[in-house]
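K.L.:
Just need the structure, nothing else, for what follows:
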Amino acid sequence: MGMTIAEKVLARNSGLDIVHPGQYVDAKIDRIIADEEFYRIHAAAVNGGMTDGLPRIWDLDRVHVVIDHFEPPLNETQAVRQQMIRKLIDKYGIKYFKDMSCSVIHQHSVENWALPGELSLGSDSHSCAWGALNCVSSGMGEHELAYAMTFGELWFRVPQTIKIFLKGDFGKWTDPKDLMFYLAKKYSVSLGLYKSLEFCGPGASAMSVSQRLTCSVHAVELGAKFGLFEFDDKTAEFIECRQGAIPEYTPVSPDDDAMYESEIEVDLGTLKPLIACPHNFENIAGLDDVKGTPIHQAQVGSCANGRLEDLRAVWEVLKGHHVHRRTRFLVQPASWNVYKAAMHEGIIDGLLDSGVQVLSPGCHLCLGMQGRLGENENAITSTTRNHNGRLGGKNCKVYIANPKIVAAAAIAGEITEV
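P.N.:
All right, here's what the predicted structure looks like:
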């Protein structure tokens, strides 16, 4: 019997010929990438009775730390926490540390470290993003990561895998965000609960790496452990564009006779623009249902939609228009590489001239650390989550949409049909 991508990687890293869904395995970890939660990993060891913290780091060539969520710090608490992290970096001898990177950890990870075929862990829930590069990756808590960083392994329950077969092409106003909204609406946000979502078919092959990242990021919004794409020429080209030496890697494909829990087929050409309404990712509506909703703040950015393609899409909508006088439009690139590329293409100048506020790269918009809402305000965003209080403000409502729909709403000052 054949195996899926997740099963093959878990079997290989557990030293087994074959594994089955529901089986518990102890698997070797290929890579760990942590953000500010690194200080919590240390604290977990201290609270567990190890006064000096972790007894060791199992492999300093496979552990990375990025300060991203609170960079630059917005208050003294964040600044002090980062001081602690810098001391811990020296204490543990961490070789790969990005300080003042001002980049979203997941964008930084795929631009620099994540590799196809690896079993990798992150300290952020959206670490499943790296699955766009054929990397079997998932976010973990500080206690699991404390163990994994010390011993280089961790236990897993082998997940069931759902095959999501994609065909057709996205329309003018739709993108992978709408695919994930469609899945949430039709199958609920429990669709992938502790499962692996495996995207395949001609529709998946036609997607850019940027588009695949949007799908993999949002796998966790559907409860999934992993959100995976097969390796292809686009993946290889993306990795080859990295600076410096690229380690050897071994992509993994599913076997032809792999067993899936279920298969879902989606024609991307039939998708309509959708919106996640307050206050959860499952509350999906069409534009007709929410058109006319006033928008006080529009946002594009985050690990879900802060890449160059997203900024291009926003600029294509904005050309010849200006942000509505009663709407604030904030755009935050996912990394400095994205920012510089957009600047060289003239996109940054165009956005600024259209009334957009362009922020330095990072996670601030997604978390509501910048762009806090006032009372009774509505926001439309291409970021990841919209639960009550996510962007602050009393009685505020947050709508999630793809970047083009966000840009159209910023021009109209309200959610509008396109």
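K.L.:
Would you agree V418 is in contact with T174?
P.N.:
No: judged on C-beta atoms under 8 Å, V418 makes no contact with T174 at a distance of 9.9 Å. For glycine as for every other residue, the C-beta is placed from the backbone atoms N, C-alpha and C.
K.L.:
what about those two, which has more around it?
P.N.:
T174 (23 against 15; other C-beta atoms under 10 Å).
K.L.:
that's a helix at the more buried one, yeah?
P.N.:
No: under DSSP: H, G, I helix; E, B strand; the rest coil, T174 falls outside any helix and is assigned coil.
K.L.:
any residues in contact with both of V418 and T174?
P.N.:
Shared contacts of V418 and T174, defined by C-beta atoms under 8 Å, 6 or more residues apart in numbering, comprise P273.
K.L.:
so what's F156 bridging to?
P.N.:
V25 (DSSP bridges).
K.L.:
for the one 10 residues further on, same thing?
P.N.:
Note on L166: beta-bridge partners V266, judged by DSSP bridges.
K.L.:
show me what contacts it?
P.N.:
L179, F199, C200, G201, P202, G203, A204, M207, E265, V266, L268.
K.L.:
of all those, which two lie farthest apart?
P.N.:
M207 and E265 (15.8 Å; C-beta to C-beta).
K.L.:
per-residue pLDDT, N75?
P.N.:
N75 is assigned a pLDDT of 89 by the prediction.
K.L.:
number of nearby residues for it?
P.N.:
Neighbours around N75, by other C-beta under 10 Å: 10.
K.L.:
Also the one 4 residues further on?
P.N.:
A79 is flanked by 12 other residues according to other C-beta under 10 Å.
K.L.:
Tell me the spacing between it and I67.
P.N.:
11 Å (C-beta to C-beta, to the nearest Å).
K.L.:
Tabulate the contacts of L166 (JSON lines), appending distance to P278, secondary structure and neighbour count.
P.N.:
Listed next are the contacts of L166 as JSON lines, based on distance: C-beta to C-beta, whole Å; DSSP: H, G, I helix; E, B strand; the rest coil; neighbours: other C-beta atoms under 10 Å:
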{"residue": "L179", "distance to P278": "21", "secondary structure": "helix", "neighbour count": "25"}
{"residue": "F199", "distance to P278": "28", "secondary structure": "strand", "neighbour count": "27"}
{"residue": "C200", "distance to P278": "33", "secondary structure": "strand", "neighbour count": "18"}
{"residue": "G201", "distance to P278": "33", "secondary structure": "coil", "neighbour count": "17"}
{"residue": "P202", "distance to P278": "35", "secondary structure": "helix", "neighbour count": "13"}
{"residue": "G203", "distance to P278": "30", "secondary structure": "helix", "neighbour count": "21"}
{"residue": "A204", "distance to P278": "31", "secondary structure": "helix", "neighbour count": "22"}
{"residue": "M207", "distance to P278": "29", "secondary structure": "coil", "neighbour count": "24"}
{"residue": "E265", "distance to P278": "31", "secondary structure": "strand", "neighbour count": "11"}
{"residue": "V266", "distance to P278": "26", "secondary structure": "strand", "neighbour count": "20"}
{"residue": "L268", "distance to P278": "27", "secondary structure": "helix", "neighbour count": "23"}
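K.L.:
Which one of these is nearest to E237?
P.N.:
Nearest member of the contacts of L166 to E237, counting by C-beta to C-beta, is M207, at 13.5 Å.
K.L.:
Relative to E36, how far out is the closest one?
P.N.:
31 Å.
K.L.:
now V398
P.N.:
Counting by C-beta to C-beta, the gap from V398 to E36 is 23 Å.
K.L.:
Ok, G48 next?
P.N.:
20 Å.
K.L.:
Neighbour count: these two, which is higher?
P.N.:
Neighbours per residue (other C-beta under 10 Å) separate G48 from E36, with E36 holding more: 23 against 12.
K.L.:
I67 is in contact with that one, correct?
P.N.:
Yes: between E36 and I67 there is a contact under C-beta under 8 Å: 6.2 Å.
K.L.:
Spit out the residues that contact these two alike.
P.N.:
The contact lists of E36 and I67 share Q82, I85, where a contact means C-beta under 8 Å, 6+ apart.
K.L.:
Need the contacts of L166 in JSON lines (columns: pLDDT and distance to H42).
P.N.:
Shown next, in JSON lines, are these (pLDDT from 0 to 100; distance: C-beta to C-beta, whole Å):
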{"residue": "L179", "pLDDT": "98", "distance to H42": "39"}
{"residue": "F199", "pLDDT": "98", "distance to H42": "36"}
{"residue": "C200", "pLDDT": "98", "distance to H42": "40"}
{"residue": "G201", "pLDDT": "98", "distance to H42": "43"}
{"residue": "P202", "pLDDT": "98", "distance to H42": "46"}
{"residue": "G203", "pLDDT": "98", "distance to H42": "43"}
{"residue": "A204", "pLDDT": "98", "distance to H42": "39"}
{"residue": "M207", "pLDDT": "98", "distance to H42": "38"}
{"residue": "E265", "pLDDT": "98", "distance to H42": "46"}
{"residue": "V266", "pLDDT": "98", "distance to H42": "43"}
{"residue": "L268", "pLDDT": "98", "distance to H42": "44"}
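K.L.:
between the residues you listed, which is nearest M149?
P.N.:
Nearest to M149 among the contacts of L166, with distances taken as C-beta to C-beta, is F199, at 29.9 Å.
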